[in-house]
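**Q** my questions concern the predicted model and sequence given below.
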Amino acid sequence: MRTHYCGTIRTEQIGETITLCGWVDRRRDLGGVIFLHLRDRSGSVQVVSDPIRTPASYHLAETLRSEYVVKITGRVYNRPEESLNTRIPTGEIEVYAEQIEVLNRVHNQLPFQVSQTENEFVREDLRLKYRYLDLRRERMSANLQLRHRVIKAIRRCLEDRFNFMEIETPILTRSTPEGARDFILPSRVNLGEWFALPQSPQLFKQLLMVSGFDRYYQVARCFRDEDLRADRQPEFTQLDMEMSFMSQEEIIDLNEELIYQIFKEIKGIELSRPFPRMTYAQAMDEYGCDKPDTRFDLKLVNVSELFKDSQFKVFSGAIASGGVVKILPIPGGNETISNVRIKPGGNLFKEAAEAGAKGVAYIRVLDNNEIETIGAIKDSLSEASKQQLLTLTGAKPGDLLLFGAGDAAMVNKTLDRLRLVIGRELGLIDDNKVNLLWVTDFPMFEYNADEKRLEALHHPFTAPHPDDIADLTTARAQAYDIIFNGTEIGGGSVRIHQREIQEKVFSAIGLSTEEANDKFGFLLEAFEFGTPPHGGIAYGLDRLVMLLAGEDSIRDVIAFPKTQQARCLLMNAPSGVDTKQLKELEVISTYKPKADSQ
RNA sequence: GGGACUGUAGCUCAGUUGGUUAGAGCGCGCGCCUGUCACGCGCGAGGUCGCGGGUUCGAGUCCCGUCAGUCCCGCCA
């Protein structure tokens, strides 16, 4: 039907007669001459019609309206000198519409304008209900095209350079005990039994290693029935990879090359390699989190040693009961952060309270290194300790020191949040920076106080560090996360490939031999038949694309996302089903809709 | 499960201390206009102020409930 995409026409096509198909983006009828912008996914181009140059199309051009679908044949001309448009790539040329064919009209008022000036905001529920129109808009179209280019770059790199194979794994699989809630589906053929949708292809990809497909990848849909966030959808896409006969170093090296390639092709940025590394312990110590945004400093300082015998009981007490005292030093903070904001009612106080802190103690460093703080802290601080405090934190006159005291997890969480809020507010974050960081040496387990047992921090198939094998409960894992500007975009590990070690790990997380055999017997058995050493990684593809697109929500890089209430407003899913369908499955819903309260 | 914000014309928003006929820009319709590109000018249509209840002489505005969307906490190995 057509010969070109609208957005691709340049001065090279001048003189050619071309045929374009697309949507009327805008129409400007000047009375005697009509300008149209014709749009397709490549962009738009100006089409001209007037009674003299294009008599055959003029009357039809008068009837065109926004979003009509048209086919236009005409010759490409350069624009008059004074009518060049430097803001669009096709601004040097225009097409004289010799022939216009209306392929389809718009019969109703559009729910929102597709062609938008500036970045006009439209309610998200409307956009989602009419997602097909939303996706016509330049921003969304560009996002999906970016997503496509990212996936294409990944495929090229993994397949052509590294010899990976893409292999599909089942969507209908079985429920797994650890991790997120499963989506489950009743089996009609096996009444009373249920499939689960995969939270990730983890076990299948490990089994593929057993099969000898030593380099596997998949653009894999994953499902988790948990509450939604700006960066969490119930179904999302992972770039899932698994490799045999590769050490952690080799896996990291290959993945750096992949990430390097993505940034080069998509953003034109050549990242310097190797990427910086940080151990989990160092990340927690200096940043209070396992995915530090290293675009700005504001590192935490542990001052527990200094305060362990302090007269100020809030600090010494915290340390005595196994906690810590840490400081977030803010250079120039006296100037930029008022007491009101740190005290109850202030936004920094609220931020700390959400992390579980009872409050935020602080010290202001004044001229001559005098300090200003509450009396109880000042009284408890000897001149020597004061000097030590200033040395440890590197604080200078004008600086503000924010304290976190108590349980280490809470202190880290509090100061991490304050660091990010303050970093953003003080403009310390350079948006043009691209910082990639490997965080390594995660602990194998984390204690779950509610369930009174150890939990795998990564997942229970992660191999322990060979030096730490004697005591698994405190062992480091051969696990690694890749962090992009403070967001985790991927994580992986070397896997266990020996039955004895896998059994020890299952036992460490409180899985009985029977449970382990019931849930993972197939894996343990597979380990007996020649399983190669292997490891892998999975990237949150939606999140990666979101960051590359500069969006704040993964919904903006997913064609048909769910709302926060996990609904598809376009299809209106989920929905009820026929009782006949339920009967066939031997399923009865016990759900009672809430009675209308009057 | 919890907290916060939002909901007024097709869209984006304004609407003061509760006050009489609810406004603007864009879009839409009609007319004029031959170099616009967010074209311009004129005229016009378009409203269950999310929904339900309450307070009041009077509610878009205050109160209660509810629905929807968003952000966050919990949750997400």
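**A** Yes, it's here.
**Q** hmm, who's touching the lengthiest helix in chain A?
**A** For chain A, the longest helix by residue count, based on DSSP state H, is helix A:248-267. With contact meaning CB atoms under 8 Å, 6 or more residues apart in numbering, helix A:248-267 is reached by A:146, A:149-150, A:153-154, A:157-158, A:161-162, A:241, A:243, A:246, A:269-271, A:273-275, A:434, A:436, A:438, A:440, A:478, A:480, A:482, A:490, A:492, A:494, A:535-537, A:544, A:548. Every residue, glycine included, has its C-beta placed from N, CA and C.
**Q** send the alpha carbons of that helix over as PDB?
**A** Coordinates of each C-alpha in helix A:248-267 appear next as PDB, following Å, rounded to 0.1, in the frame of the first residue of the first chain:
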ATOM      1  CA  GLN A 248      31.400 -15.900  38.900                       C
ATOM      2  CA  GLU A 249      34.100 -13.700  37.400                       C
ATOM      3  CA  GLU A 250      33.400 -15.000  33.900                       C
ATOM      4  CA  ILE A 251      29.700 -14.500  34.300                       C
ATOM      5  CA  ILE A 252      30.200 -11.000  35.500                       C
ATOM      6  CA  ASP A 253      32.600 -10.200  32.700                       C
ATOM      7  CA  LEU A 254      30.200 -11.500  30.000                       C
ATOM      8  CA  ASN A 255      27.300  -9.500  31.500                       C
ATOM      9  CA  GLU A 256      29.400  -6.300  31.600                       C
ATOM     10  CA  GLU A 257      30.000  -6.700  27.900                       C
ATOM     11  CA  LEU A 258      26.200  -7.200  27.400                       C
ATOM     12  CA  ILE A 259      25.400  -4.100  29.400                       C
ATOM     13  CA  TYR A 260      28.100  -2.100  27.700                       C
ATOM     14  CA  GLN A 261      26.600  -3.100  24.400                       C
ATOM     15  CA  ILE A 262      23.100  -2.000  25.400                       C
ATOM     16  CA  PHE A 263      24.200   1.400  26.600                       C
ATOM     17  CA  LYS A 264      26.400   1.900  23.500                       C
ATOM     18  CA  GLU A 265      23.600   1.000  21.100                       C
ATOM     19  CA  ILE A 266      20.700   2.600  22.900                       C
ATOM     20  CA  LYS A 267      22.300   5.700  24.500                       C
END
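**Q** buried stuff in it?
**A** Neighbour-count burial for helix A:248-267 flags A:248, A:251-252, A:254-256, A:258-263, A:265-266 (criterion: 16 or more other CB atoms under 10 Å).
**Q** ok, then the element right after that helix?
**A** Proceeding N to C from helix A:248-267, the next assigned helix or strand is strand A:277-279, under DSSP states H and E.
**Q** pairing partners for that following strand, with directions?
**A** Strand A:277-279 pairs in its sheet with strand A:436-440 (parallel), by DSSP bridges.
**Q** show me how far the partner strand is from its chain's centre.
**A** 16 Å (CA atoms, centre = their mean, to the nearest Å).
**Q** restricting to C-alpha, output the following helix or strand past that strand in PDB.
**A** Once strand A:436-440 ends, the next helix or strand along the chain (criterion: DSSP H and E) is strand A:445-448. Output in PDB follows, covering the C-alpha atoms of strand A:445-448 (Å, rounded to 0.1, in the frame of the first residue of the first chain):
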ATOM      1  CA  PHE A 445      20.600 -16.200  54.600                       C
ATOM      2  CA  GLU A 446      18.700 -13.600  56.500                       C
ATOM      3  CA  TYR A 447      16.800 -14.200  59.700                       C
ATOM      4  CA  ASN A 448      13.100 -14.000  59.500                       C
END
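**Q** for strand A:445-448, name the packing helices and strands.
**A** Helices and strands touching strand A:445-448, by 3 or more CB pairs under 8 Å, 6 or more residues apart in numbering; DSSP states H and E, are strand A:453-456.
**Q** give me the contact list for the very next helix or strand once past the strand it packs on.
**A** Once the chain leaves strand A:453-456, the next helix or strand it forms, by DSSP H and E, is strand A:479-484. For strand A:479-484, contacts defined as CB under 8 Å, 6+ apart pick out A:248, A:251-252, A:255, A:259, A:275, A:290-292, A:294, A:434-442, A:457-458, A:462, A:488-494, A:537, A:539, A:544, A:547.
**Q** touching RNA strand B at all, strand A:479-484?
**A** No - judged by CB under 7 Å from any atom of the strand, strand A:479-484 makes no contact with RNA strand B; its nearest approach is 9.5 Å.
**Q** that strand pairs with which strands?
**A** Note on strand A:479-484: by DSSP bridges, its sheet partners are strand A:436-440 (antiparallel), strand A:487-494 (antiparallel).
**Q** how far out from the middle of the chain is the longest helix of chain A?
**A** With CA atoms, centre = their mean as the basis, helix A:248-267 stands 17 Å off its chain's centre.
**Q** okay, now the residue of the stretch 401-550 of chain A found nearest RNA strand B: neighbour count?
**A** Residue nearest to RNA strand B within the stretch 401-550 of chain A (CB to the nearest atom of the strand): residue A:459, separated by 2.9 Å. Neighbour count for residue A:459, taken as other CB atoms under 10 Å: 20.
**Q** contacts for the lowest-mean-pLDDT helix or strand in chain A next, please.
**A** Lowest on mean pLDDT, DSSP states H and E among the helices and strands of chain A sits helix A:375-380, with a mean of 83. By CB under 8 Å, 6+ apart, the residues outside helix A:375-380 that reach it are A:310-312, A:314-315, A:361, A:363, A:371.
**Q** what does the helix or strand that that helix is followed by contact?
**A** Past helix A:375-380, further along toward the C-terminus, the next helix or strand under DSSP H and E is helix A:383-393. For helix A:383-393, contacts defined as CB under 8 Å, 6+ apart pick out A:301, A:303, A:306, A:310, A:327, A:329, A:363, A:365, A:369, A:371, A:381, A:395, A:399, A:401.
**Q** distance between the very next helix or strand once past helix A:383-393 and the chain's centre?
**A** Counting by DSSP H and E, the next helix or strand C-terminal to helix A:383-393 is strand A:400-406. The chain centroid and the centroid of strand A:400-406 are separated by 30 Å under CA atoms, centre = their mean.
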